[in-house]
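> Below: sequence and its predicted model.
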Amino acid sequence: MKLLKTLMILCLFTTAANAQFVTNSKRVADVYFQNKEYYAAAEYYKKALQISPDSAGFVIPYGFENKIKEESPKKDDYEYSVFQLAESLRLYKNFTDAEKWYAIATEFTNPKYILSTFWYAETLRANQNYNEAITAFNRFLAKYKVNDIYSVKAKSEIASCQFALYELRYPRLFMLSKLQNDINDKGSNYTPTLKGGSFYFTSSRPVSTSGKKEVLTDKNNEKVTRKETPYLNAVYEVSGNPLTENVSVKKLQVTSKDRESAAPAFHPNGKLMYITSWTAQNDKKIYQLNIGADGKSWSDPIELGGQVNVKGFSSIQPFVTKDGKYLIFSSNRPGGSGKFDLWYCPLRGDGSLGQAINFGNTINTTEDDQAAYFDSRTNKLLYSSNGRVGMGGFDFFESEGDFTKWSEPRNLGYPFNSSKDDIYFTPSPVSENEGYISSDRESLCCLEMFHVKKEFLTVKGTILDCNTLKPLSNATVTLTDSLEVIKFVTDESGKYAFKINTNRKIKITAEKEKYFSKVINFSYDDLAKKDTLFSPDICLVPFEMDKPIVLKDILYEFDKATLTEDSKTKLDYLYTIMVDNPKIEIELSAHTDSKGVEIYNLDLSNRRAKSCVDYLISKGIDINRMTSKGYGETVPIAPNEFPNGKDNPEGRALNRRTEFKVTKK
């Protein structure tokens, strides 16, 4: 990075020495900036810096030579314009170019630009330069000594970068494709929703104007005159399949021409539509429209009451649950957890609204929580937040609940989420496993619409009895991954099958009464390149309480209690049983044949049993779950001698054994 900045400084040397700062352009830029017209502001800050005004891909005269800056009477103006240009580019989501200008501003020594390093790190993160972003956030924390929202946010962003690096390494099972038709036109295209056979969305695409002039002023009463912006948000309707190449797109005239509108939502009865509407001077409000007598046209919008719209605050993004019970919306009204929170109002049968209720801080954060979709069949809430650890910007999160209690939201990960804004989901009428989202992941500045489809991995196999190798019915097979727990009970065939939307680590646990449970883990590498996982047939070992089970081939050094290395490997079989069955307690016993003195054999067997327990303890098994006991030659399972008094080598070999039995489960 130091080398890059050095090159940036050298590139600018000649330009900085000869340029004359255009003060008037800076004043114009300030007016646009204060009116939140960031695109226009960026263009005029570039003019003030004597830079080519094209907005994308321009060559930045990198850096300012510190010595030249210190001697220049225009130093403050230059630094101000560079910082403001970076701010303007970031605020209209041009993170690519903003990163370059923040890189310059991080070298400014004036304390009022100390946040340059923070925003530089933010743009690095947005541009998927996660490792560099972590370095930049740490550099910011090292020099920023104020314990405020920026220091808290920087720490959260470092966690998000680490999360994103993991997600990129282990992508989840989603397939996304940008709509390749007139739906994604110029401007932002977002809020997909479906009603009947039609697809509705919001777009800020250019609209024809009469060349009307508009005057913008700032706090110092500086003024600029311009033509009215041609980019206005409006609701559009698509006839035809939005996945096809050719569609018919038409604008719905749901508000008067001087108002913008967005985020259409429909009541399941088909008679009510809700939209967000606003003007440049007013807060955003939610309005209701009623279907006309012809069943096609809509009434004039009616502003919802104080249950939803609060004077001086914005309410946006209405959504009506498919059962018609709730109107969900996002608002920065008082009583929330932070900026924009999710709220809901009960919807009565006559269409009237109950009082708004906040979703609570399990869902809402101190930042923005928006664009809810709730599936009343599965009780799953899908929404977007920029206040949690995630890929960056707005991320999709999922929670389960019943409007009184919610589970901890889960980030849906990459590629469902990206390093930029991912917001607004609606399911496809074909399947709940596919739908549409809005994202600016492939855009320099603006939201675009994508089709998203869940992909699935099939996991299947058979549960067998280890002794008979026959299928086991009524065995419970549990699959656990990072998102959910699924259970399956086998039939007479012993077969099980799961369909899961993950290729992360999964755990399969097979259980049956009077059998030891068996656990098998699969890694990402096991799963990533397959669409079906045929697990090896899982066999379960039967057991009865207090009935000994012989551990085969457990051998010791001659006349000693020391386990051979090969025996340690064999003893891992019992270790696995103990791990897979964490509640059982056992007695581990050792036995000898009748050769030698009885008291010696008893002591030797005690030491051998203890060596087995010690090995299991060394592997991590709790000592309180095991006891060791030596029985010497007192519990033979075969004759040590034949009836005629001759030695029985095979019988003696059977008696020299190690066993375990379950004493508690």
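Nice, I can see it.
> pLDDT (mean, whole number) over stretch 136-156?
Regarding stretch 136-156, the rounded mean pLDDT is 94.
> Where do the domain boundaries of the chain fall?
2-169, 174-207+231-454, 457-540, 549-664 (automatic domain parsing).
> Ends of the shortest one, what's the gap?
When you say that, I think you mean domain 457-540. 25 Å (CA to CA, to the nearest Å).
> What of the longest one?
Its start and end residues considered, domain 174-207+231-454 measures 5 Å (CA to CA).
> Let me know the average pLDDT across that domain.
pLDDT averaged over domain 174-207+231-454 gives 93.
> The third one now?
Here the mean pLDDT over domain 457-540 is 88, rounded to a whole number.
> now swap in the last one and tell me
Mean pLDDT, taken over the full extent of domain 549-664, equals 93.
> beta partners of the spatially most central residue of the chain?
For the chain, Asn411 is the residue whose C-alpha lies nearest the centre (CA atoms, centre = their mean; 2.5 Å). Asn411 has the following beta-bridge partners by DSSP bridges: Phe397.
> ok, now which ones touch it?
Phe163, Arg388, Val389, Gly390, Met391, Asp395, Phe396, Phe397, Asn417 (CB atoms under 8 Å, 6 or more residues apart in numbering). For the C-beta atoms, the positions are set from N, CA and C on the backbone; glycine is no exception.
> any chance of these in CSV, plus neighbour count, secondary structure and distance to Arg441?
Formatted as CSV, the contacts of Asn411 follow (neighbours: other CB atoms under 10 Å; DSSP: H, G, I helix; E, B strand; the rest coil; distance: CB to CB, whole Å):
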residue, neighbour count, secondary structure, distance to Arg441
Phe163, 21, helix, 17
Arg388, 16, coil, 18
Val389, 15, coil, 19
Gly390, 27, coil, 13
Met391, 29, coil, 10
Asp395, 30, strand, 12
Phe396, 26, strand, 12
Phe397, 22, strand, 17
Asn417, 28, coil, 9
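> Torsion angles phi and psi at the closest residue to Leu457 other than its chain neighbours?
With sequence-adjacent residues excluded and distances taken as CB to CB, 6 or more residues apart in numbering, Leu457 is closest to Ile500, at 5.4 Å. Backbone torsions for Ile500, taken as degrees, to the nearest 10, come to phi -130, psi 150.
> which ones are touching Ile500?
Neighbouring residues of Ile500 by CB under 8 Å, 6+ apart: Phe456, Leu457, Val459, Leu479, Asp481, Ile486, Ile506.
> repeat for Asn640
Asn640 touches Asp593, Ser594, Lys595, Glu633, Asp647, Asn648, Gly651, Arg652, Asn655, counting by CB under 8 Å, 6+ apart.
> for the third one, phi and psi?
Main-chain dihedrals, Lys595, degrees, to the nearest 10: phi -70, psi 140.
> Look at it and say how many residues are nearby.
Using other CB atoms under 10 Å, Lys595 has 13 neighbouring residues.
> Next one: it from Asn94, what distance?
87 Å (CB to CB, to the nearest Å).
> Need the buried ones from the contacts of Ile500 selected in PyMOL.
Restricted to buried positions by 16 or more other CB atoms under 10 Å, the PyMOL selection for these reads:
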select buried, resi 457+459+479+481+506
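> Which of the contacts of Ile500 fall within strands?
Leu457, Val459, Leu479, Ile486, Ile506 (DSSP state E).
> For Asn110, state which of the contacts of Ile500 is nearest.
Closest approach between the contacts of Ile500 and Asn110, by CB to CB: Asp481, at 50.8 Å.
> State the distance from that closest one to Tyr166.
Taking CB to CB, one finds Asp481 at 15 Å from Tyr166.
> tell me the two of the ones in strands among the contacts of Ile500 that are most distant?
The distance between the two most remote of these (CB to CB) is 12.2 Å, for Leu457 and Ile486.
> quick one, strands of the stretch 501-650 of the chain?
Taking DSSP state E, counting those that start in this stretch, the strands of the stretch 501-650 of the chain run over residues 506-511, 518-522, 532-534, 538-540, 549-551, 585-591, 626-632.
> Compare the ones you listed and report which one is nearest to Asp572.
Once the strands of the stretch 501-650 of the chain are compared by CB to CB, strand 549-551 is nearest, at 10.6 Å.
> If we go by neighbour counts, what in that closest one is buried?
So for strand 549-551, counting by 16+ other CB under 10 Å, buried means Ile549, Leu551.
> on contacts alone, who are the packing partners of that strand?
helix 565-580, strand 658-664 (3 or more CB pairs under 8 Å, 6 or more residues apart in numbering; DSSP states H and E).
> got JSON lines for these, with mean neighbour count and distance to Tyr326 too?
Shown next, in JSON lines, are these (neighbours: other CB atoms under 10 Å; distance: least, CB to CB, whole Å):
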{"stretch": "helix 565-580", "mean neighbour count": "16", "distance to Tyr326": "44"}
{"stretch": "strand 658-664", "mean neighbour count": "19", "distance to Tyr326": "50"}
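> now the ones you listed as CSV including distance to Tyr45?
Formatted as CSV, the helices and strands packed on strand 549-551 follow (distance: least, CB to CB, whole Å):
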stretch, distance to Tyr45
helix 565-580, 63
strand 658-664, 75
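> Good, we can wrap up now.
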